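> from the sequence below, what's the structure:
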Amino acid sequence: MRDNIDCAALQRDLENVVLWAQKWQMEFNVKKCKVIYVGRQTDSCKYYMGGSKLVEETLEKDLGVWISADMNCSQQCRYAVNKAKKYD
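Purely as a prediction, here's the structure:
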């Protein structure tokens, strides 16, 4: 099944990134690493970094932009309106 192959490939990539970071004496803060499944299809894969399971989120803020799993922009719009109201 293609989904299982994709899940395994992404997990392998995560493991390679962790190994690369360890080689260069860097560490990921796994508590800040999260998974968000974007789109209609829900993913049943569980991902790990350094032996720790990554937290699954449905809404996350990155670089000041709110991203939701269903790609609905209502949270971002609400944030922008509230921010604009502060400057009135």
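> show the backbone phi and psi for K61.
In terms of degrees, to the nearest 10, the main-chain angles of K61 are phi -100, psi 130.
> let's verify the closest residue to it other than its chain neighbours: helix, strand, or coil?
Once flanking residues are discounted, K61 sits nearest to I67: 7.6 Å by CB to CB, 6 or more residues apart in numbering. Where C-beta positions appear, they are placed from N, C-alpha and C, glycine not excepted. Assigned by DSSP: H, G, I helix; E, B strand; the rest coil, the conformation of I67 is strand.
> just list whatever residues bridge to I67.
E60 (DSSP bridges).
> mind listing what it touches?
I67 sits next to 36, 38, 59-61 when contact means CB atoms under 8 Å, 6 or more residues apart in numbering.
> just flag the most distant two among those.
V38 and K61 (14.5 Å; CB to CB).
> tell me what the biggest helix by length in the chain is packed against?
What stands out as the longest helix in the chain, according to DSSP state H, is helix 2-23. When contacts are defined as 3 or more CB pairs under 8 Å, 6 or more residues apart in numbering; DSSP states H and E, helix 2-23 packs onto strand 48-49.
> name every strand pairing with the strand it packs on and say which way it goes.
strand 52-53 (antiparallel).
> how far does the partner strand sit from its chain's centre?
With CA atoms, centre = their mean, to the nearest Å as the basis, strand 52-53 stands 13 Å off its chain's centre.
> likewise stretch 44-61?
7 Å.
> list the buried ones in that stretch?
Going by neighbour count (16 or more other CB atoms under 10 Å), the buried part of stretch 44-61 is 47, 49.
> how about the longest helix of the chain: buried residues?
For helix 2-23, by 16+ other CB under 10 Å, it's 7, 14, 18.
> and stretch 64-78, by the same measure?
66-69, 76.
> and the furthest pair within those residues?
Spatially, the most separated pair among the buried residues of stretch 64-78 is A69 and Q76, at 13.4 Å (CB to CB).
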